[in-house]
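A.B. asks: Sequence first, then the predicted structure, then my questions.
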Amino acid sequence: MTIRSPMVFIALTVLVLAPAAEAQFIPGTSPMDMSVQSRALTSSVINRNALRGTARSSTDRRSQSTGRRAAGIPSETLSDARFPFEASPALRKQVISEFVDRVRSMGPEAARAVETELSSAAFHQSFANTMRANGLAADDAADVLTVYLIVGWEIVRGTDADPTALRAVRRQVAGQMAGNAALRDPTTRARFAEELKIIAALLGGSAENAKREGNGTQFVARVAAHYQRAMNRDFRAMRLTAQGFSDG
């Protein structure tokens, strides 16, 4: 999933990589991390009953579900449900402002560049176009979370996701979101999705620049750490197949 890289991502690449800068924050975190609320929501969705590959047929799924129940493991729920949201200009501005505040102490110039980019209509249109090209909608929270996960997996694993796998992950994500009471609130859903848009776009757009600058390995390690903190799961140990994510 290719996300184009405007010049502002050069500054963001530096922010993701700079080890000295992270010392200004809680040890082990980064200003590129999501807010506490969004991190909690992401972790609860992903770990509600861990995203796993599922069998192809309904018979296989019933058999798998029975076996998992016998082992005391919750069976995975898949869904095609939609999770639409509408981000008002005020809500979007607030989400951007909070993100820029986390970046600001890393460098005022970078913070200004990021704020300008994130506030532009072109940024949001570009992200929407990328999602549309992959059969997803920028105003659906399950679609946005899917992109956030796929972008991270692609960066960490160094390969592109198959379109079939992307659709499978979307069904996994929607199945988990359907059981999350907090995400039934449209405002919470909008804030969550708007923040994920920012992080997915900035990380995805920074990846190519990191490679060009010879920092690809370090960048990948930082991105892997970001997702580990967000999900309590390691993309380096997760497989992505036509049935979606699975462990090992």
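C.D. replies: Cool, the structure landed.
A.B. asks: Residue 172 against residue 78, yeah?
C.D. replies: Yes - if you go by Cβ atoms under 8 Å, residue 172 and residue 78 touch, sitting 6.3 Å apart. No exception for glycine: its C-beta is placed from N, CA and C like everyone else's.
A.B. asks: The two: which has the busier surroundings?
C.D. replies: Taking neighbours as other Cβ atoms under 10 Å, residue 172 and residue 78 compare with residue 172 leading, 28 against 19.
A.B. asks: where exactly do the strands run in this structure?
C.D. replies: For the chain, applying DSSP state E gives strands covering 238-241, 244-247.
A.B. asks: Deepest in the core, which of those strands is it.
C.D. replies: Highest mean neighbour count among those (mean count of other Cβ atoms under 10 Å): strand 244-247, with a mean of 20.
A.B. asks: CA atoms only for it - export them in PDB, please.
C.D. replies: Extracted as PDB, the C-alpha positions of strand 244-247 are listed here (Å, rounded to 0.1, in the frame of the first residue of the first chain):
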ATOM      1  CA  GLY A 244      -5.700 -12.400   7.600                       C
ATOM      2  CA  PHE A 245      -3.300 -12.100  10.500                       C
ATOM      3  CA  SER A 246      -2.200 -15.100  12.600                       C
ATOM      4  CA  ASP A 247       0.500 -15.700  15.200                       C
END
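A.B. asks: how about low-confidence regions in this structure?
C.D. replies: Where the chain drops to pLDDT under 70, the residues are 1-37, 39, 44, 46-76, 248.
A.B. asks: Output the longest helix belonging to it.
C.D. replies: In the chain, taking DSSP state H as the definition, the longest helix is helix 186-212.
A.B. asks: what about that one, distance to the chain center?
C.D. replies: Remark: helix 186-212 is offset 7 Å from the chain centroid, using Cα atoms, centre = their mean, to the nearest Å.
A.B. asks: With stretch 102-114 instead?
C.D. replies: The answer for stretch 102-114 is 21 Å, by Cα atoms, centre = their mean.
A.B. asks: Could you list the buried residues of it?
C.D. replies: 102-103, 106-107, 110-111, 113-114 (16 or more other Cβ atoms under 10 Å).
A.B. asks: Pick out the residue closest to the middle of this protein.
C.D. replies: Nearest to the mean C-alpha position of the chain, counting by Cα atoms, centre = their mean, stands residue 148 at 2.2 Å.
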